[in-house]
Structure formats: structure tokens, C-alpha cells
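> the sequence isn't on hand, but the structure is:
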């Protein structure tokens, strides 16, 4: 299936100069969404991992479906103030600003292997920050899986030590 036809470009969002990759047409097409989850599962079928980590909010969409399909544990990574229990936190830079993310301090056990799943891999900053959280809990990142990779932003430079898979590369 040509997944690109279900991705809409929105210029100047969230600020001038950014071209936002809108995934809502893909989500609104059940067959396309089902097939993209199947394609993602295929990409990681030989990867050794126990848990899927997902950053809010759009990572939740793909990671949840993939965790269900693969029978894996799911751990949300959230913005400050969204998780009810004790957290670990890291600050990082986005392509258009600064941010912080958190996850529960008991979300991962020592040596647990995780797959990070998100919708878009842009600069790699969010994924690198999640990797930092994982290391704080003495777990390890087995790989990264994204629907879209913006290769012109060179995200793999920040993620050179981890396997990265993307369904669509721009």
C-alpha cells in the first residue's frame, strides 16, 4: 500500500517554516491504519524487546496498536504533570523549542529491552531523551520504529547507537 497518499502536508504548523506531516487521513482510513501497523510489526519481527515505549500523543496511536498486535507491554512517556506516580524526567530540545518528558520510575526493570515507537522522527531529540530515561532506569533500547522519518533533519546522527526503522522516509 502507498502510505504516502494518506499523509497530508500542513505548511507553517506549528510555526512558520515547519511543514507538519498530518497523519489523520491515515488514521481515518481503517484499511491503511491496519496495514501500516502490520508493516510496522513486520519491521521489528526479529528484534529482541519486551516493552514498547511511546511518547505522547501521536506515538500512543501507533504504539498501542502495535503492543496489542505483538502482545508486548506498553509504557507511556508523557509531558510533566500527566503521570500520577513518582517519575524520572529529562529536558531536551525540539526542532521548534524546548521540552521535558517523564515516565514512571517503576515503568521498567533493570535490563528490560524496549522498542521506542513514534509517529514522526524529526531531529531525533525526543527519541534521544527517551533513551536517556531508559538508561536512568538501567534498561536498554533495542530499537526505534517510526511511521515517518524526516531524513533531511539528520535524526540518525543523534541515534547512531540504536537500530532505527521507518516506514516512510522524506
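Looks like it came in fine. These figures come from a predicted structure and were not determined experimentally.
> and stretch 77-87, what's its mean pLDDT?
Averaging pLDDT along stretch 77-87 gives 97.
> end-to-end on it?
10 Å (C-alpha to C-alpha, to the nearest Å).
> also stretch 154-170?
11 Å.
> check stretch 44-54 too.
15 Å.
> so which bits of it are buried?
By neighbour count with 16 or more other C-beta atoms under 10 Å, stretch 44-54 contains the buried residues 44, 49, 51-54. (Glycine included, C-beta is placed from N, CA and C.)
> okay, and which of these map to strands?
51-54 (DSSP state E).
> which one of those residues is nearest residue 125?
residue 53 (15.3 Å; C-beta to C-beta).
> isn't that closest one right up against residue 112?
No - look at residue 53 against residue 112 with C-beta atoms under 8 Å: they stay out of range, at 10.1 Å.
> mind listing the strands for this structure?
Under DSSP E, the chain gives strands at 8-11, 19-22, 51-55, 73-77, 87-94, 97-104, 113-121, 140-149, 163-169.
> now these as TSV including distance to residue 155?
Formatted as TSV, those follow (distance: least, C-beta to C-beta, whole Å):
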stretch	distance to residue 155
strand 8-11	18
strand 19-22	13
strand 51-55	14
strand 73-77	17
strand 87-94	12
strand 97-104	16
strand 113-121	5
strand 140-149	7
strand 163-169	8
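> for residue 35, which of the ones you listed is the nearest?
strand 163-169 (10.0 Å).
> show me what that closest one packs onto, helices and strands only.
helix 30-43, strand 140-149 (3 or more C-beta pairs under 8 Å, 6 or more residues apart in numbering; DSSP states H and E).
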